[in-house]
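Enquirer: sequence and predicted structure are below.
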Amino acid sequence: MASDAARTRTAGTGIGRQAPARGFPRLLAGSMAGAVLEWYDFAIYGVMAATVLGPLFFPGGNAFVKLLLALATQGIGFFARPLGGIVFGHLGDRFGRKPMLVATFLMLGAATTSIGLLPSYHDVGITATILLVVLRLVQGFALGGEFGAAVLLVSEYGSPRRRGFWTSWPQAGAPAGTVLAAAVITVLGMSMSDADFESWGWRIAFLAAAPLLVIGFMIRRGLEESPVFRQAQLAAEGRRKAAAGAHAERSSILQALSRPRAVLHGLGMRLGENIAFYIYTVFVIAYATKYHGFDRGDVTLVVTFASVFQFVGMIAGGAWSDRVGRKVAMLVPSAVLVVWAPVFFWLVHFESLPLLWVGVCVGAFFHGMLAGPEAAWIAELFPTRYRYAGSSLVFQGSSIIAGAPAPFIAVWLIDGFGVGMVVGYLVLTTAITFVAVITSWETKGVDLDRVG
């Protein structure tokens, strides 16, 4: 019997779904809504943790300790993601993608909105701190399953010939959410005093997630289940009836882990991509302001505008992968990012704002080109019977090993060893991504109906 990897390598003809299925635009909008909400929350919480949440929710200690504790709660969400990926991955492969898409979105939106309603430590004591931590855990848990469901529904609904393009749109929810958060924060900052913002204005930023929650829920509630999953479910039911009395089928998580090659390829690819994202969007703010005297507002504006380049890069990268293949479309930007790492830090060293714009925007664009095709590629790596579990392990596992610690590692390296070590860190991890992609197999055009 052919291995899963071998069957995945065989590109199907795509007969039966040359064009997106009926209702696909609604599905695409619903999938993007979750990604936008996810990254809107990430950006909003990061700003609030660095400005107002410390004094409001963490008692005692000096201002620096309060800041660290507030920032630590942002990292807590990352550690709940793999658990959410495991739970929702198993349930999504067992009961369907659509129920998970709705459930995770409701959890995410409700938790984000609830943060805007929390009483402060001054009002209810330590209960406020505990509630904040619990809501961050709920957000992380929901995110662990949300993105996998969104990407898989788009992958399994859309035309195989344009799967890279269509799945790049949920990916592009990240820069879209970042720009939306920046717009909300800018409007709040311009419309009220600092005292009002710190007292109650910050809550508006979290409560602004409520309209997106309502709109996204209305869109997602009317979606149909993935036709690929329904077909696989019928086949699985037939196998269970034919093997009556045999042992129950293993969890899809265990099935994915028992064939680890696809998981390892996915994690390797996501390693450099995740770290590049956080270097060009998070670390650069601290690096440019602390070590090169740039104004924080100027750097934040650069990073926000670079999100537009990132958005364009993701859509372009996904579309290009439908023409030249997933491997070429990811190998080219990963090679460019390896070369661009030392160039970027060299440009920042000149302490010129125009050169900073060039460095960040070029890095963000090629990161987008790399990230755009990865959603389709990761979905195509796995058979239908454990595609949700395998994809979630890759997406959320990489958040722990790469995304979450990247800014902290970069700061530690530059403080202890100098900027050359940060360049080396970025070059090495991006090179690992290059190797992971080049040693993988081409998946462009694979018919997901025929994979598992």
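Expert: Great, that's in hand. Residues are numbered from 1 along each chain as shown.
Enquirer: so Phe88: helix, strand or coil?
Expert: helix (DSSP: H, G, I helix; E, B strand; the rest coil).
Enquirer: how many other residues sit next to it?
Expert: Counted with other Cβ atoms under 10 Å, residues neighbouring Phe88 total 30. Bear in mind the C-beta positions are built from the backbone N, C-alpha and C, glycine included.
Enquirer: what does Val302 give?
Expert: A count of nearby residues for Val302, using other Cβ under 10 Å, gives 22.
Enquirer: quick check, it in contact with Pro354.
Expert: No. The criterion here is Cβ atoms under 8 Å, and Val302 misses it with Pro354 at 10.1 Å.
Enquirer: for burial, what's the neighbour tally of the closest residue to Phe24 other than its chain neighbours?
Expert: For Phe24, ignoring the flanking residues on the chain, the nearest one in space by Cβ to Cβ, 6 or more residues apart in numbering is Tyr157 at 5.5 Å. For Tyr157, the count of nearby residues is 26 (other Cβ under 10 Å).
Enquirer: pLDDT score assigned to Tyr157?
Expert: On pLDDT, Tyr157 comes in at 80.
Enquirer: ok, now Arg26?
Expert: You'll see Arg26 listed with a pLDDT of 80.
Enquirer: so what's the residue nearest to it when sequence neighbours are not counted up against?
Expert: The shortest distance from Arg26 to any non-neighbouring residue, by Cβ to Cβ, 6+ apart, is to Ile219 (5.9 Å). Taking Cβ atoms under 8 Å, 6 or more residues apart in numbering, we find Ile219 in contact with 26, 29-30, 33.
Enquirer: follow-up on the earlier one: wait, the residue nearest to Phe24 sits on Leu27?
Expert: Yes. The pair Tyr157 / Leu27 is scored as a contact, 5.6 Å apart, by Cβ under 8 Å.
Enquirer: what separates stretch 394-403 from the chain centre, distance-wise?
Expert: 9 Å (Cα atoms, centre = their mean, to the nearest Å).
Enquirer: actually stretch 367-385, sorry about that
Expert: Here stretch 367-385 is found 12 Å from its chain centre; the criterion is Cα atoms, centre = their mean.
Enquirer: I'd like the average pLDDT over it.
Expert: For stretch 367-385, mean pLDDT is 92.
Enquirer: distance between the ends of that stretch?
Expert: Start and end residues of stretch 367-385 are separated by 31 Å (Cα to Cα, to the nearest Å).
Enquirer: likewise for stretch 371-385?
Expert: End-to-end for stretch 371-385, by Cα to Cα: 25 Å.
Enquirer: and stretch 214-232, what's its mean pLDDT?
Expert: 76.
Enquirer: could you do stretch 287-307 as well?
Expert: 88.
Enquirer: mind listing the helices for the stretch 51-200 of the chain?
Expert: Assigned by DSSP state H, counting those that start in this stretch, the helices in the stretch 51-200 of the chain fall at 53-57, 63-95, 97-115, 121-124, 126-157, 163-171, 173-191, 194-196.
Enquirer: mind giving me the packing neighbours of the first one?
Expert: So the one you mean is helix 53-57. If you count contacts as 3 or more Cβ pairs under 8 Å, 6 or more residues apart in numbering; DSSP states H and E, helix 53-57 packs onto helix 63-95, helix 121-124, helix 126-157.
Enquirer: again, only using 6 Å
Expert: helix 63-95, helix 126-157 (3 or more Cβ pairs under 6 Å, 6 or more residues apart in numbering; DSSP states H and E).
Enquirer: now do the second one
Expert: Applying 3+ Cβ pairs under 6 Å, 6+ apart, one finds that helix 63-95 makes contact with helix 24-51, helix 53-57, helix 126-157, helix 252-258, helix 387-398.
Enquirer: ok now the fourth one, how far from the chain's centre?
Expert: In this case it means helix 252-258. Relative to the chain's own centre, helix 252-258 is displaced by 22 Å; criterion: Cα atoms, centre = their mean.
Enquirer: which residues touch it?
Expert: Helix 252-258 is contacted by residues 86, 89-90, 93, 386, 389-390, 393 when judged by Cβ atoms under 6 Å, 6 or more residues apart in numbering.
Enquirer: buried sites along that helix?
Expert: 252-253, 255-256 (16 or more other Cβ atoms under 10 Å).
Enquirer: ditto for the first one
Expert: Of the residues in helix 24-51, those scored as buried under the neighbour-count criterion (16+ other Cβ under 10 Å) are 24, 27-28, 30-49, 51.
Enquirer: excluding chain neighbours, what is closest to Ile414?
Expert: Val422 (5.2 Å).
Enquirer: can you tell me the element that neighbour falls in?
Expert: helix 419-438 (DSSP states H and E).
Enquirer: for that helix, name the packing helices and strands.
Expert: Counting by 3+ Cβ pairs under 6 Å, 6+ apart, helix 419-438 packs on helix 261-278, helix 326-349, helix 406-417.
Enquirer: next, the buried residues of that helix.
Expert: Using 16+ other Cβ under 10 Å as the test for burial, helix 419-438 gives 419, 421-423, 425-427, 429-434, 436-437.
Enquirer: thanks a lot, catch you later.
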